[in-house]
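[1] show me how the following folds:
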Amino acid sequence: MMELLQLMLVLGTVVGVTDGNTILVKDNAGQTTIVKLACINAPEATDKRYGLAATQKLKQLLPLQTPVVIRSTEQIKNGRPAGEVFVDNRSVNLLLVESGNAVVDQESLQNCYESKTQFLIAEANAKNKHLGLWQQSKLQLKFYAKEASTFSIMTNYIPLS
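    Predicted coordinates for the structure are as follows:
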């Protein structure tokens, strides 16, 4: 028996970047929606070093009025959509992980089944090259892993004793 996969694509235009993994998109009907980038986590914008860097990188990748295609993956807490954002057939989510400005979110990675391996390889490469977040000391990474549940992936790399 063949299983059908539902693929929901949303066409829109970027009208804002909230933080390192959240954007505002206006769809073709003129409705503005907050979209969380799926399968990744980035520091909050209030984190002066890494949060600001992640937000700036996302603004660089998605300047205002950039046309995007979003592969909707899930609804998160407050009913907001999460999705993988593409510009010119490139995943912006993946680009953030490649640059070390975001980490893979293990809890939602299954929602990015088509690019799961790419996300994991990109994160391993960023870690190996000490890019972005991976420049931090292990002590700081432990802090993120324990205190900021958004960085649960980091516990896979650092033994918490």
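[2] quick one: low-confidence residue ranges for the chain.
    Applying pLDDT under 70 to the chain flags residues 1-7, 137-161.
[3] residue nearest the centroid of it?
    Ile40 (3.4 Å; C-alpha atoms, centre = their mean).
[4] that one against Leu95, yeah?
    No - using C-beta atoms under 8 Å, Ile40 makes no contact with Leu95, being 10.1 Å away. For every residue, glycine as well, the C-beta is placed using N, CA and C.
[5] returning to that earlier point: got a list of what the residue nearest to the residue nearest to the centre of the chain when sequence neighbours are not counted touches?
    The shortest distance from Ile40 to any non-neighbouring residue, by C-beta to C-beta, 6 or more residues apart in numbering, is to Ala102 (4.2 Å). By C-beta atoms under 8 Å, 6 or more residues apart in numbering, Ala102 lies in contact with 20-21, 37, 40-42, 54, 93, 96, 133.
[6] for the residues you listed, which one is nearest Leu109?
    Nearest to Leu109 among the contacts of Ala102: Ile40, at 9.0 Å, using C-beta to C-beta.
[7] beta-bridge partners for that closest one, please?
    Taking DSSP bridges as the rule, Ile40 bridges to Val104.
[8] list the contacts of it.
    Ile40 makes contacts with 21, 93, 96-97, 102-105, 119, as judged by C-beta under 8 Å, 6+ apart.
[9] same check on Leu58?
    Counted by C-beta under 8 Å, 6+ apart, Leu58 has contacts 17, 19-21, 23, 42, 92, 96, 101.
[10] again, but for Gln135
    Counted by C-beta under 8 Å, 6+ apart, Gln135 has contacts Gly100.
[11] next: Thr13.
    Here Thr13 is in contact with 25-26, 65-68 (criterion: C-beta under 8 Å, 6+ apart).
[12] confirm it sits in a helix?
    No - counting by DSSP: H, G, I helix; E, B strand; the rest coil, Thr13 is not found in a helix; it is strand.
[13] please name the nearest non-neighbouring residue to it.
    Lys26 (5.1 Å).
[14] count of residues packed around the one you found?
    A count of nearby residues for Lys26, using other C-beta atoms under 10 Å, gives 15.
[15] wait, it sits on Gly16?
    No - between Lys26 and Gly16 there is no contact, the gap being 9.3 Å when judged by C-beta under 8 Å.
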